[in-house]
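In: here is my input, please return the structure:
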Amino acid sequence: MSMQTEQRIVPTTKQLAYQDWEFGLFLHFGLRTYYEGYADFDERPMTPSAFNPAGLDCEQWIRTAKEAGMRYAVLTAKHHDGFSNWPSKYSDFTVEASPWKEGKGDVVREHVDACRKYGIKPGLYYSPYDGSADFYTQDAKAYDDYFVNQITELLTEYGEIDILWFDGCGSEDHTYDWNRIIGEIRRLQPGILIFNMGDPDFRWIGNEDGVAPIPCWNETDATDFSIFTEEKERLGSRLWLPAECDVQMRNNRISWFYSDEDEHMVKSVDELMGLYYLSVGRGSNLLLNIGPDREGLLPGKDAEHLARFGEEIRRRFGHPIATLAECEQNGLEWRYVAKEPHLLDHLVIQEDLTGGERVIAFRVSVITAKSRKAVTVYEGRNIGHKAIVRIPAINVAGVVVEVTEWNGDPVIRELSFHYSGDAATSPILGYKG
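Out: Below is the predicted model of the structure:
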């Protein structure tokens, strides 16, 4: 069934590139790292004298991310507490007021440099809300000046930044001069991707659990911007805004920063793989958070689980049995015929989104190994950037993927077939009938 709309919404080149990154590292690190149990909007006072990551090694962070298959990394340049991880000229609440490197350190600099060394796209998180600025609630114009001045430092002193990540928490009742703020951002770095606020290029999925819904369309007319409100930010029109799922490595409900008390909450590789299916497998990006410890290093257990997670993704999807090149297209049907029957438990389908999102629904059928009959095993909604179809292992002689509802002529960019079982027990079976 074909459906038509009056105007097709298409992504920009940088949005398409972002969707190809798929998997990134979130890094919550700052003064709060040194205050055990400190929660968002905690009223306990903090002092920069506590900040001293003597063993800071941003290359360890980014090297670990690279080895796990991540493509980008977003560091908290400034969280809600207002502590700046760089020596900002517009605040006294910064690394410059700390004993670390005698006040001459710059976490943002070391993060960005490490990203460039390892070919990871650098991103910076900046909280619009600032608990350290008394004038935040008293003088909106003065705060907008402060906002623009700090963002200007971040976007002029560190080279090209790929992502500017705005967190809406704390901003529920505050009005910013977004026209001015975004105007400066776009002027300083026209190619930057903005997350979720002001003039977004991509959006928050709406929860902190790492789970995208079914369906997860790339077009929307509103965004969720804070866990503290059900109110949405209305965009005024429908826009192409791919979704990102953010989630913690540790199941800590209080803080995204490092804690001595929650190592036992590090997610298992099995749970991480589940989140991969529910985010990347539903066309969204996955931004996985690890809080570097008080030495300035990714904690050992977190880093180990991240490495094993990356290995498991590669094991399951790195060696397809067949790809789109082995398929024959007939209209809106793509048919794969195996040279010899084999076990199958995953399909990965990617739509070419250059001209917009066109697949509304699709069906997967397998050609059974013995009877050579087509049996429907899966029916899905949108494909979007990527749909990972997971089915119980079955011996197949072929597979048919059919688009059953569409808006315009769909284009399949990639299609691959996989079996994730033990290699020792999953050879091509060679069933002869």
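In: strand partners (parallel or antiparallel) of the helix or strand bottoming out on mean pLDDT in the chain?
Out: Lowest mean confidence among the helices and strands of the chain (mean pLDDT, DSSP states H and E): strand 232-240, at a mean of 79. Strand 232-240 has the following strand partners under DSSP bridges: strand 219-224 (antiparallel).
In: return the least confident helix or strand of the chain as CSV; C-alpha atoms alone will do.
Out: Taking Å, rounded to 0.1, in the frame of the first residue of the first chain, the C-alpha atoms of strand 232-240 are listed here in CSV:
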residue,chain,number,x,y,z
LYS,A,232,7.1,19.0,25.0
GLU,A,233,8.9,21.6,23.1
ARG,A,234,6.7,22.4,20.1
LEU,A,235,8.8,22.9,16.9
GLY,A,236,6.2,24.8,14.8
SER,A,237,6.5,22.3,11.9
ARG,A,238,7.6,18.8,11.2
LEU,A,239,11.4,18.4,11.1
TRP,A,240,13.9,15.6,10.4
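In: start and end of stretch 96-114, how far apart?
Out: From its first residue to its last, stretch 96-114 covers 21 Å (Cα to Cα, to the nearest Å).
In: okay, buried residues for it please.
Out: 96-98, 100, 105-114 (16 or more other Cβ atoms under 10 Å). Backbone N, C-alpha and C define where each C-beta goes, glycine included.
In: and the two most separated of the residues you listed?
Out: Greatest spacing in the buried residues of stretch 96-114, by Cβ to Cβ: 97 and 114 (23.7 Å).
In: tell me which element residue 105 falls in.
Out: Using DSSP states H and E, residue 105 maps to neither a helix nor a strand.
In: who's in contact with it?
Out: If you count contacts by Cβ atoms under 8 Å, 6 or more residues apart in numbering, residue 105 has them with 56, 95, 98.
In: repeat that for 6 Å
Out: For residue 105, the contacting residues are residue 95, by Cβ atoms under 6 Å, 6 or more residues apart in numbering.
In: and the buried residues of stretch 96-114 as JSON lines, adding distance to residue 170?
Out: As requested, the buried residues of stretch 96-114 are arranged in JSON lines below (distance: Cβ to Cβ, whole Å):
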{"residue": "96", "distance to residue 170": "24"}
{"residue": "97", "distance to residue 170": "22"}
{"residue": "98", "distance to residue 170": "23"}
{"residue": "100", "distance to residue 170": "26"}
{"residue": "105", "distance to residue 170": "26"}
{"residue": "106", "distance to residue 170": "25"}
{"residue": "107", "distance to residue 170": "22"}
{"residue": "108", "distance to residue 170": "21"}
{"residue": "109", "distance to residue 170": "26"}
{"residue": "110", "distance to residue 170": "27"}
{"residue": "111", "distance to residue 170": "23"}
{"residue": "112", "distance to residue 170": "25"}
{"residue": "113", "distance to residue 170": "30"}
{"residue": "114", "distance to residue 170": "29"}
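In: count the neighbours of the nearest residue to residue 418 once chain neighbours are set aside for me.
Out: Of all residues not flanking residue 418 in the chain, residue 346 sits nearest, at 4.0 Å (Cβ to Cβ, 6 or more residues apart in numbering). Close neighbours of residue 346, defined as other Cβ atoms under 10 Å, add up to 20.
In: need the residues that contact the helix or strand that residue 346 is a member of.
Out: Assigned by DSSP H and E, residue 346 belongs to strand 333-351. The set of residues external to strand 333-351 that reach it, using Cβ under 6 Å, 6+ apart, is 322, 326-328, 359, 369, 383, 386-391, 393-402, 413-420, 426, 428-431.
In: doesn't residue 184 lie inside a strand?
Out: No - according to DSSP: H, G, I helix; E, B strand; the rest coil, residue 184 belongs to no strand; its state is helix.
In: tell me how far it lies from residue 12.
Out: As judged by Cβ to Cβ, to the nearest Å, residue 184 and residue 12 stand 20 Å apart.
In: how distant is the least confident helix or strand of the chain from the center of its chain?
Out: In terms of Cα atoms, centre = their mean, to the nearest Å, the centre of strand 232-240 is set 20 Å apart from its chain centre.
In: so for the following helix or strand past it, mean pLDDT?
Out: The helix or strand immediately downstream of strand 232-240 is strand 243-248, counting by DSSP H and E. What strand 243-248 shows for mean pLDDT is 98.
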